[in-house]
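*Asks:* coords please:
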Amino acid sequence: MAVSYRIELADLAAHRYRVTLTLASPAPEQDFSLPVWIPGSYLVREFAKHLSGLAARQAGRDLAIEQLDKASWRVRCSGRAALTLSYDAYAFDASVRTAWLDSRRAFFNASSLCLRAHGRETEPQAITLARVPKGWRVATAMCDRDGVYEAADYDELLDHPFEIGAPWQGEFVAAGVPHRVVVAGAWPSFDGERLLADVQRICEAQIAFWGGAPFEHYSFLLWAVDDGHGGLEHRASTALICARRELPTAAESAAPSDNYARLLGLFSHEYFHAWNVKRLRPAEFARLDYQRENYTELLWFFEGFTSYYDELMLRRAGLVDAARYLKLLGASVNGVLAAPGRAVQPLAQASFEAWTKYYRPDENSPNATSNYYAQGALVALCLDLSLRACKSSLDLLMLRLWQSSDGGPVSEADILAAVRVLGGDEVAEQLHGWVHGTGELPLRELLAAHGVEWRDEGRQSVAQRLGLRVRESALTGVQVSHVLAGGAGEAGCINARDEILGCNGWRLRRLDDAPGLLAPGEARLRLLVSRDQRLVELDVELPPARPAAVALALADGAQPGRRRWLGA
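*Replies:* Below is the predicted model:
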């Protein structure tokens with residue numbers, strides 16, 4: 001093999017891998033680098049910070065290594081004898097993006113461990129594993145030839161995570177394609193057969209939607225932890241993380257609980273990415289650069305539209321009914337409407353700036369940024385309903401793009417051109433405005449036209465009335481995490497990180513107790529706040545309570561044809 005990596009589970013207690021890279025016929029000046037990001041997660045994560053002890057040998061001689069930048073090195077070789085690099089990699093990141101190693105489990109993405117040999121990226125690459133504890137098994141979608149895991153090139157090497165340990169494992173076949181589900185860290189009460197059956201229905205619905213699978217087999221690699229949720233897509237697998245309470249148990253009802261439905265939505269989302277982002281992808285990603293940011297304005301399409309389909313596929317697979325789907329959709333609507341930043345940052349800009357804003361949120365993020373996942377999903381909904389009014393659909397758009405690009409790169413111009421064919425110039429212009437402007441989406445009108453009512457629900461909490469996001473407990477009291485733009489809290493000079501101690505002379509441990517401390521007809525809250533060890537008194541006007549949320553429901557008497565998009 002032209003480029004081979006021996007990855008040794010060297011020290012489980014110290015969370016340390018030992019990597020040996022062997023390169024046949026190196027260049028006289030052979031450069032190496034480690035990626036600074038992993039595709040699908042748009043943040044420079046500096047994986048090289050975990051490497052140490054880098055050493056080089058050729059023909060029995062030690063060679064000097066010159067560091068070129070934060071993640072690149074050069075070795076000056078003598079002759080064409082094989083070059084060997086060795087180094088340690090610390091691995092204790094409890095996520096799907098990097099690497100993990102302890103006494104119970106090993107996991108890694110090659111982007112965290114495998115240096116790229118410059119000039120040799122298109123040649124075959126191979127991984128062998130060493131010092132794997134007895135009883136541990138290896139799960140990966142990479143080609144396995146008697147314990148040697150082979151990839152056609154460096155891109156493919158990076159697109160196959162490894163899960164190693166003694167996890168639960170199950171298999172099923174969807175549309176003739178073998179699938180595997182691996183679950184590490186589950187409670188003993190975990191109902192694996194229920195998960196297999198439900199995920200199989202999701203996979204069958206999506207393969208039917210796209211007209212076939214672009215892979216010969218597929219693996220879901222799930223790690224269950226105390227608290228966590230997320231995933232990262234790959235060409236023939238996905239790495240997932242969830243809270244254990246999201247897993248189904250024998251007590252799970254026929255209709256999935258909210259926690260379990262959230263997990264199924266995650267499976268659906270990452271699986272949909274096997275088509276929409278891993279194959280059908282931004283034109284800017286036709287060739288990835290692993291050493292710097294790769295910019296695109298299209299994450300509203302590739303993440304947002306995938307977010308629209310993830311829960312819709314639960315409906316089409318028959319895992320939730322129409323009312324439950326509308327409840328899930330309503331939660332997305334409420335989340336978007338609660339963030340003032342949707343009127344500040346266009347979705348195309350949010351996509352481009354994901355590297356510095358989406359993945360690095362702070363107390364001002366809700367005021368300054370839009371969410372290309374959730375808001376992009378609502379754009380997809382609006383586009384779908386607009387196309388259906390033109391006797392077309394978003395389904396037809398996705399399939400048209402898939403076929404016209406041959407499952408490859410597309411640009412915004414390609415998307416708009418396809419929309420014009422299916423829905424006309426007016427719909428294409430609306431889509432352009434939705435993603436490049438900051439106006440409100442016509443959700444209410446479009447839903448009403450398709451048999452769904454928009455109903456006000458509940459009453460606002462005091463935090464909502466004040467335009468605050470808070471954390472509360474009996475021990476720590478009221479901690480302000482975010483102050484939303486244009487709210488009464490901002491007008492009253494409340495700051496993020498303030499601790500609200502009292503109100504109108506009373507100790508306050510729950511913000512919703514504040515109205516009970518007001519005299520009849522009074523609306524001024526005299527707050528005592530702790531700020532940077534100082535006590536500050538603030539007068540804040542408490543606005544009247546309004547409905548807290550939007551609820552979506554099927555309109556009484558609506559003809560089934562008007563809500564065909566909700567059908568299973």
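*Asks:* burial measure for the closest residue to L21 other than its chain neighbours, as a count.
*Replies:* Excluding its sequence neighbours, the residue lying closest to L21 (C-beta to C-beta, 6 or more residues apart in numbering) is L85, at 4.3 Å. Glycine gets a C-beta too; all of them are placed from N, C-alpha and C. Counted with other C-beta atoms under 10 Å, the neighbours of L85 add up to 24.
*Asks:* pull the contacting residues for L85.
*Replies:* Listed by C-beta atoms under 8 Å, 6 or more residues apart in numbering, the contact set of L85 reads T20, L21, L23, F32, L54, A55, A56, V75, L115.
*Asks:* shouldn't it be within a strand?
*Replies:* Yes - assessed by DSSP: H, G, I helix; E, B strand; the rest coil, L85 belongs to a strand.
*Asks:* about what we covered before: distance to A350 for the contacts of L85 - can I get that in a markdown table?
*Replies:* Formatted as a markdown table, the contacts of L85 follow (distance: C-beta to C-beta, whole Å):
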| residue | distance to A350 |
| --- | --- |
| T20 | 42 |
| L21 | 38 |
| L23 | 41 |
| F32 | 34 |
| L54 | 38 |
| A55 | 43 |
| A56 | 43 |
| V75 | 41 |
| L115 | 33 |
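*Asks:* reformat the residues you listed into TSV and put pLDDT, neighbour count and distance to A274 next to each item.
*Replies:* TSV is the format used below for those (pLDDT from 0 to 100; neighbours: other C-beta atoms under 10 Å; distance: C-beta to C-beta, whole Å):
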residue	pLDDT	neighbour count	distance to A274
T20	98	17	32
L21	98	22	29
L23	98	23	31
F32	98	24	30
L54	98	17	35
A55	98	12	39
A56	98	24	38
V75	98	22	37
L115	98	25	27
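*Asks:* now C203, what's its secondary structure?
*Replies:* Under three-state DSSP, the three-state class of C203 is helix.
*Asks:* pLDDT score assigned to it?
*Replies:* On the pLDDT scale, C203 is placed at 98.
*Asks:* repeat that for A568.
*Replies:* On the pLDDT scale, A568 is placed at 57.
*Asks:* ok, G557 next?
*Replies:* Confidence score, pLDDT, at G557: 69.
*Asks:* kindly report the same for S253.
*Replies:* At S253, pLDDT is 86.
*Asks:* measure it to D191 for me?
*Replies:* Plainly put, S253 is 12 Å away from D191 if you go by C-beta to C-beta, to the nearest Å.
*Asks:* where exactly do the helices run in the stretch 451-568 of the chain?
*Replies:* Along the stretch 451-568 of the chain, the segments classed as helices by DSSP state H, counting those that start in this stretch run 462-466, 488-491.
*Asks:* quick one: the strands in the stretch 451-568 of the chain?
*Replies:* Using DSSP state E, counting those that start in this stretch, the strands of the stretch 451-568 of the chain run over 452-459, 468-473, 477-483, 499-503, 506-507, 524-531, 534-541, 547-554.
*Asks:* er, the stretch 251-400 of the chain I mean
*Replies:* Using DSSP E, counting those that start in this stretch, the strands of the stretch 251-400 of the chain run over 281-282.
*Asks:* could I get the full set of helices for it?
*Replies:* 258-272, 299, 306-316, 322-337, 347-352, 365-368, 374-389, 394-404.
*Asks:* which other residues reach the last one?
*Replies:* The reference is to helix 394-404. With C-beta under 8 Å, 6+ apart, helix 394-404 has contacts from 209-211, 275-276, 279-280, 305, 308, 380, 383-384, 387, 410, 414-415, 418-419, 421-422.
*Asks:* how many degrees apart are that helix and helix 374-389 in direction?
*Replies:* Here helix 394-404 runs at an angle of 100 degrees relative to helix 374-389 (axes from the mean of the first three to the mean of the last three C-alpha atoms, to 10 degrees).
*Asks:* quick one, helix 394-404 and helix 306-316 angle?
*Replies:* Going by the same axes, to 10 degrees, helix 394-404 makes 120 degrees with helix 306-316.
*Asks:* give me the low-pLDDT residue ranges for the chain?
*Replies:* Residues of the chain meeting the criterion pLDDT under 70: 557-562, 568.
*Asks:* let me see the domain layout of it.
*Replies:* Residue ranges for the domains of the chain, per automatic domain parsing: 3-166, 295-452+561-568, 462-545.
*Asks:* now, of the contacts of helix 394-404, which are buried?
*Replies:* Among these, the ones that count as buried by 16 or more other C-beta atoms under 10 Å are 209-210, 275-276, 279-280, 305, 308, 380, 383-384, 387, 410, 415, 418-419, 422.
*Asks:* how close does the closest residue to H482 other than its chain neighbours get to P340?
*Replies:* Using C-beta to C-beta, 6+ apart and skipping residues adjacent in sequence, the residue nearest H482 is R469, 3.9 Å away. Note on R469: its distance to P340, by C-beta to C-beta, is 12 Å.
*Asks:* which neighbours do those two have in common?
*Replies:* Joint contacts of R469 and P340 (C-beta under 8 Å, 6+ apart) are P366, L484.
*Asks:* do you have the strands of the stretch 101-250 of the chain handy? List them.
*Replies:* 105-108, 116-117, 125-130, 137-139, 143-145, 148-151, 162-165, 168-174, 177-184, 218-225, 229-233, 237-243.
*Asks:* as TSV, these with distance to F285 and mean neighbour count would be great.
*Replies:* Shown next, in TSV, are these (distance: least, C-beta to C-beta, whole Å; neighbours: other C-beta atoms under 10 Å):
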stretch	distance to F285	mean neighbour count
strand 105-108	23	24
strand 116-117	17	24
strand 125-130	21	20
strand 137-139	27	16
strand 143-145	24	12
strand 148-151	19	18
strand 162-165	24	23
strand 168-174	27	16
strand 177-184	25	20
strand 218-225	21	23
strand 229-233	13	19
strand 237-243	18	24
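*Asks:* can I get those strands in JSON lines with distance to V320?
*Replies:* Formatted as JSON lines, those follow (distance: least, C-beta to C-beta, whole Å):
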{"stretch": "strand 105-108", "distance to V320": "31"}
{"stretch": "strand 116-117", "distance to V320": "43"}
{"stretch": "strand 125-130", "distance to V320": "40"}
{"stretch": "strand 137-139", "distance to V320": "29"}
{"stretch": "strand 143-145", "distance to V320": "36"}
{"stretch": "strand 148-151", "distance to V320": "38"}
{"stretch": "strand 162-165", "distance to V320": "28"}
{"stretch": "strand 168-174", "distance to V320": "19"}
{"stretch": "strand 177-184", "distance to V320": "20"}
{"stretch": "strand 218-225", "distance to V320": "20"}
{"stretch": "strand 229-233", "distance to V320": "18"}
{"stretch": "strand 237-243", "distance to V320": "18"}
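*Asks:* correct me if wrong: L314 contacts A255.
*Replies:* No - taking contacts as C-beta atoms under 8 Å, L314 lies outside contact range of A255: 11.1 Å.
*Asks:* give the residue from those two that has the larger number of neighbours.
*Replies:* L314 (25 against 11).
*Asks:* so who does that one touch?
*Replies:* Counting by C-beta under 8 Å, 6+ apart, L314 touches I202, A261, L264, G265, S268, V320, Y325, L328.
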